[in-house]
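coords please:
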Amino acid sequence: MRYVTLSLLAIFSITACSTDSNSDQPSPPIPLAIGNSWVFDIETDDELKTDTLTVIGDTLIGATTWYELHSKNPRIQDFFGGYAANLEQGYYKYRGAETASDNLLLFKTEPDQNETRYIDTGKAAWLNIYEGEDANETFNVVANRYSVVYDYVISGERRFKFDQEYEFNRLISPELGFIHWQGAYFRTEDDSTLTLSSYINVDLQEFIPGEQQ
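From the prediction side, this is the model:
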């Protein structure tokens with residue numbers, strides 16, 4: 001039996017947008033500055049562990065500052081690692097495009113209720129559905145709630161469809177970033193379709209602002 005890891009892209013926003021008291025500009029989807037760290041509880045079928053994601057630096061590509069997120073945990077790195085930025089339209093993941101806004105837009109700054117966006121990363125494709133705001137009592141913040149329905153996953157040069165629709169949940173907030181991130185592992189038994197093997201739940205334990213915050 002062969003297993004395929006579903007990369008639920010991680011994604012963390014970035015840019016420190018400066019605002020003043022007279023500005024009505026919305027906050028970026030996820031706070032990012034050098035030194036920002038997220039401590040996550042990671043729950044799978046067979047273990048519960050804790051690990052950290054940190055903004056370790058930034059780099060200027062064109063006229064845009066992209067922030068580098070890194071974790072020693074391969075699952076967290078797979079979900080959230082790499083370069084990202086908060087642009088006017090939303091949170092972007094860097095995919096090599098010269099024009100910043102031609103990269104991968106993952107979360108819009110001001111999504112519409114029930115807005116559904118099709119996202120294709122080249123490794124997986126899914127529908128990202130905005131379900132509205134959710135008052136999170138654990139951290140006393142208002143979070144944006146999304147559901148995700150996957151279409152396909154690519155492993156190597158092979159493309160695998162799913163044997164049915166699987167829905168996953170995500171919570172993010174401008175104050176804390178990722179509060180909850182649900183991933184999954186799938187297995188293929190007939191070399192063509194995927195069946196759900198197990199869930200992975202990533203929950204925020206603590207957000208530690210960097211010195212620039």
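
next SSE downstream of the helix or strand that contains Val39?
Using DSSP states H and E, the element containing Val39 is strand 37-43. The helix or strand immediately downstream of strand 37-43 is strand 48-61, counting by DSSP H and E.

returning to what we had before: can you list the strands that the strand holding Val39 pairs with?
Counting by DSSP bridges, the strands paired with strand 37-43 are strand 48-61 (antiparallel), strand 193-208 (antiparallel).

going by neighbour count, list what's buried in the longest one.
To tie it back to what came earlier, the one meant is strand 193-208. Buried residues in strand 193-208, counted by 16 or more other Cβ atoms under 10 Å: Leu194, Ser197, Ile200, Asn201, Val202, Leu204, Phe207. To be clear about C-beta, it is placed using only N, CA and C from the backbone, and glycine gets the same treatment.

would you format the residues you listed as TSV with distance to Glu88 and pLDDT included?
Listed next are the buried residues of strand 193-208 as TSV, based on distance: Cβ to Cβ, whole Å; pLDDT from 0 to 100:
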residue	distance to Glu88	pLDDT
Leu194	36	87
Ser197	39	84
Ile200	32	91
Asn201	32	95
Val202	28	96
Leu204	26	98
Phe207	24	97
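
okay, these in a markdown table with distance to Tyr92 next?
Formatted as a markdown table, those follow (distance: Cβ to Cβ, whole Å):
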| residue | distance to Tyr92 |
| --- | --- |
| Leu194 | 28 |
| Ser197 | 30 |
| Ile200 | 24 |
| Asn201 | 25 |
| Val202 | 21 |
| Leu204 | 21 |
| Phe207 | 21 |
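
which stretch in the strands paired with strand 37-43 is the model least sure about?
Lowest mean pLDDT of the strands paired with strand 37-43: strand 193-208, a mean of 91.

quick one: terminal-to-terminal distance for stretch 130-141?
17 Å (Cα to Cα, to the nearest Å).

so how far is that stretch off the chain centroid?
16 Å (Cα atoms, centre = their mean, to the nearest Å).

which outside residues touch that stretch?
108, 111-116, 142-147, 171, 173, 175-176, 179, 204 (Cβ atoms under 8 Å, 6 or more residues apart in numbering).

wait, is Asp78 part of a strand?
No: read with DSSP: H, G, I helix; E, B strand; the rest coil, Asp78 is helix and lies in no strand.

tell me what Ser147 is bridged to.
According to DSSP bridges, beta-bridge pairing links Ser147 with Ile129, Asn169.

pretty sure it sits against Thr116.
No: counting by Cβ atoms under 8 Å, Ser147 stays clear of Thr116, with 9.6 Å between them.

more neighbours, the two?
Ser147 (15 against 12; other Cβ atoms under 10 Å).

list the contacts of the more buried one.
Going by Cβ under 8 Å, 6+ apart, Ser147 touches Ile129, Glu131, Glu167, Phe168, Asn169, Arg170.

of those residues, buried ones?
Ile129, Phe168, Arg170.

now do the same contact list for the first one.
Yep, that's Ile129 we're talking about. Applying Cβ under 8 Å, 6+ apart to Ile129 gives the contacts Asn114, Glu115, Thr116, Tyr146, Ser147, Val148, Val149.

now render those residues as JSON lines, adding pLDDT and distance to Ile30.
JSON lines is the format used below for the contacts of Ile129 (pLDDT from 0 to 100; distance: Cβ to Cβ, whole Å):
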{"residue": "Asn114", "pLDDT": "91", "distance to Ile30": "21"}
{"residue": "Glu115", "pLDDT": "93", "distance to Ile30": "18"}
{"residue": "Thr116", "pLDDT": "94", "distance to Ile30": "20"}
{"residue": "Tyr146", "pLDDT": "96", "distance to Ile30": "12"}
{"residue": "Ser147", "pLDDT": "94", "distance to Ile30": "18"}
{"residue": "Val148", "pLDDT": "93", "distance to Ile30": "16"}
{"residue": "Val149", "pLDDT": "92", "distance to Ile30": "22"}
